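> Have a look; sequence and predicted model below, questions after that.
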Amino acid sequence: MPSDHRAILIVDDEPSTIDSFELSLASQGMQGIDRCEDSRAVMDLLAKAPADVVLLDLVMPFVTGEELLERIRAAHPETEVVVITGIDTVDSAVTCMQAGAFDYLVKPVDGNRLFATVARALEMHRLRRENSSLRSGFLRDTPARPDLFGHIITDNPRMLRIFKYIEAIADSRQPVLITGESGTGKELVARAVHAASAASGPFVPINVAGLDDTVFSDTLFGHVRGAFTGAQNARRGLVENAAGGTLFLDEIGDLSPASQVKLLRLIQEREFTPLGADMPKPAEARVVAATHRDLESLRDSGRFRDDLFYRLCIHTIHLPPLRERKDDLPTLAEHFLRKAARALGHDVPRVPPQLHALLASHDFPGNVRELESMIVDAVSNTTGPQLPMLPFRRRIAPSPMPQCSAADNSGQPPTIAFPERLPTLSEAADQLIDEAMRRAGGKQTLACTLLGISQPALSKRLKRRTATHD
Ligand SMILES: Nc1ncnc2c1ncn2[C@@H]1O[C@H](COP(=O)(O)OP(=O)(O)OP(=O)(O)O)[C@@H](O)[C@H]1O
């Protein structure tokens, strides 16, 4: 048992009682059990290493159980205390429950009852800790451990709140669901969830889209030797490889119905059976799943199991698309610029002043991945000291205006549908300017980039128009 943490502390002046409780709990798989026969030593022991649950006798020499109960509740409010005593009176039970005992059991205690009570107390302890960590996390503006998120470049307040949430759920072993459009950084966030959990095991990623059920089962659960024709050797599955760590299931929205049942069992029962094996094995990996799909609609349309959905979404993280956090564009662009220059062995080129405006005018359907690839493309096309604008302009084509007809199947770009009376050049220019200003949110620097004219030219046109209207 690690010296800085104990799950269960049994306090009783009768060594044989402690022995029997310890045996009963350990035989049902509980770990981290410690003992104390001297009531005077309990508070010191807890000060050195708090316990999740204390099993407390009431009648003991030196310090009584009632007194210890009060002291433990005051000094360690997250520790659950289960009173186990030979005193079978209503008064005593009521007093202990009012003093904050989690439960009151009368000796002799049946082994199954003891196990069930301690399991509930441990779960209550876990919930209390999660709750208080969530509360304290949300009172801060920035994550307490920014080092965990160093590889995720952002200054955006929504993203910083997500980091705090990740810290708050770090101790939980429950699944985490990460949603967000493709390229928003779901895998990076999954790695941060893993790092925050301080898990001793590895991060094991797998993309489950398109895996048929047999491949899914074999990949995740492995097989025993001779499980099927050609299985000459046993194979460990990824669940086993990820023991003590994180199993990251990407594209979970594309999981086949048969595999959904198996995943549900893994999460629910925390066990799995390798192909051809007789006995299940305990699953010791935390499941983190991600999807770019709308899992709720998939559930509503019956394509994703209800029960699996609810199991997965106990902790949910939704990553906003890049177009909803454009304040991150300059920092991200700078980051990718340096990264690409380093990788291509170039000097870091200067950023042309109009680039940020052009980037801000774009919606980035491919999100951060699209931005990165644009910058890599531009850096590899750089011949002088400054990043060229052309590679960006080629990718950020002005989108068709509302009155344009949609592209047909001929692969030709959409054409503008003209009204019966052709507008004059000046009228058409005015309409284009209005539309560009609307799309640029009123910012002239951005609008002139969209129109492909200089800022003085735009400003001159706008002034001329105002003068005509006056
Ligand atoms: N905030 C960020 N900082 C630095 N790099 C990022 C950031 N967000 C995403 N990236 C980079 O963008 C690319 C896409 O990220 P990632 O693979 O995590 O996205 P995803 O949401 O999992 O995409 P998909 O749904 O397609 O699997 C990766 O190269 C990643 O390193």
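Thanks, I have the structure now.
> Could you pull up the residues touching the closest residue to the ligand within the stretch 351-470 of the chain?
Nearest to the ligand in the stretch 351-470 of the chain, going by C-beta to the nearest ligand atom, is Val368, at a distance of 3.5 Å. C-beta coordinates here come from the backbone N, C-alpha and C atoms, glycine included. Val368 makes contact with Gly183, Thr184, Gly185, Leu322, Leu332, according to C-beta atoms under 8 Å, 6 or more residues apart in numbering.
> how about Thr85, what does it touch?
Asp57, Leu58, Val59, Gly65, Ser92, Tyr104, Leu105, Val106, Lys107.
> any idea how far it is from the ligand?
Using C-beta to the nearest ligand atom, to the nearest Å, Thr85 is found at 54 Å from the ligand.
> Return the list of helices and strands in contact with whichever strand or helix holds Ala436.
Here Ala436, judged by DSSP states H and E, is contained in helix 425-439. Counting contacts by 3 or more C-beta pairs under 8 Å, 6 or more residues apart in numbering; DSSP states H and E, helix 425-439 is packed against helix 444-451, helix 455-469.
> Quick one: work out the angle between the longest one and helix 425-439.
This means helix 455-469. Angle of helix 455-469 versus helix 425-439, following axes from the mean of the first three to the mean of the last three C-alpha atoms, to 10 degrees, is 110 degrees.
> In helix 455-469, which of the residues would be classed as buried?
In terms of neighbour count (16 or more other C-beta atoms under 10 Å), helix 455-469 has its buried residues at Leu458, Arg461.
> helices or strands next to that helix in the packing?
Looks like helix 455-469 contacts helix 425-439, helix 444-451 (3+ C-beta pairs under 8 Å, 6+ apart).
> Deepest-packed of those helices, please.
Stretch with highest mean neighbour count among the helices and strands packed on helix 455-469: helix 444-451 (a mean of 21; mean count of other C-beta atoms under 10 Å).
> Ile10: which element?
Short version, using DSSP H and E: Ile10 is in strand 6-11.
> Who are the packing partners of the next helix or strand after that strand?
Per DSSP H and E, the first helix or strand lying C-terminal to strand 6-11 is helix 15-27. Applying 3+ C-beta pairs under 8 Å, 6+ apart, one finds that helix 15-27 makes contact with strand 6-11, strand 33-36, helix 111-139.
> How confident is the prediction for the spatially closest residue to Phe309 that is not a sequence neighbour, by pLDDT?
Spatial nearest neighbour of Phe309, chain neighbours left out: Arg299 (4.6 Å); criterion: C-beta to C-beta, 6 or more residues apart in numbering. For Arg299, the pLDDT comes out at 93.
> For Arg299, what is the enclosing helix or strand?
helix 295-300.
> tally of neighbours for whatever residue of the chain ends up closest to the ligand?
Residue nearest to the ligand within the chain: Gly185 (2.9 Å; C-beta to the nearest ligand atom). Gly185: 22 surrounding residues under other C-beta atoms under 10 Å.
> returning to what we had before: tabulate the contacts of Val368 (CSV), appending secondary structure and distance to Arg421.
Shown next, in CSV, are the contacts of Val368 (DSSP: H, G, I helix; E, B strand; the rest coil; distance: C-beta to C-beta, whole Å):
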residue, secondary structure, distance to Arg421
Gly183, coil, 44
Thr184, coil, 46
Gly185, coil, 50
Leu322, helix, 41
Leu332, helix, 46
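> Kindly give a single PyMOL line that selects the buried subset of the residues you listed.
PyMOL command restricting the contacts of Val368 to the buried ones, with burial defined by 16+ other C-beta under 10 Å:
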select buried, resi 183+184+185+322+332
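> List the residues that contact the nearest residue to Ala285 once chain neighbours are set aside.
Leaving aside its chain neighbours, Ala285 sits nearest to Ala242 (3.6 Å; criterion: C-beta to C-beta, 6+ apart). Neighbouring residues of Ala242 by C-beta under 8 Å, 6+ apart: Gly201, Pro202, Phe203, Val204, Ala285.
> gap between Ala242 and Arg236?
Going from Ala242 to Arg236 by C-beta to C-beta, to the nearest Å gives 10 Å.
> again with Gln268
22 Å.
> and what of Pro205?
Pro205 is 16 Å from Arg236, by C-beta to C-beta.
> Give me the more crowded residue out of the two.
More neighbours surround Pro205 than the other of Pro205 and Arg236, with 18 against 12 (other C-beta under 10 Å).
> quick check, the more buried one in a strand?
Yes - Pro205 forms part of a strand when assessed by DSSP: H, G, I helix; E, B strand; the rest coil.
> quick one, strands of the stretch 251-400 of the chain?
271-272, 281-282, 286-291, 315-318 (DSSP state E, counting those that start in this stretch).
> So which bits of the stretch 251-400 of the chain are right by the ligand?
Within the stretch 251-400 of the chain, the positions near the ligand by C-beta under 6 Å from any ligand atom are His292, Val368, Arg369, Glu372.
> show me the contacts for the residue lying closest to the first one once chain neighbours are set aside.
Yep, that's His292 we're talking about. Nearest residue to His292 in three dimensions, chain neighbours excluded: Ser182, at 4.5 Å (C-beta to C-beta, 6+ apart). When contacts are counted by C-beta under 8 Å, 6+ apart, Ser182 touches His292, Gly366, Asn367, Arg369.
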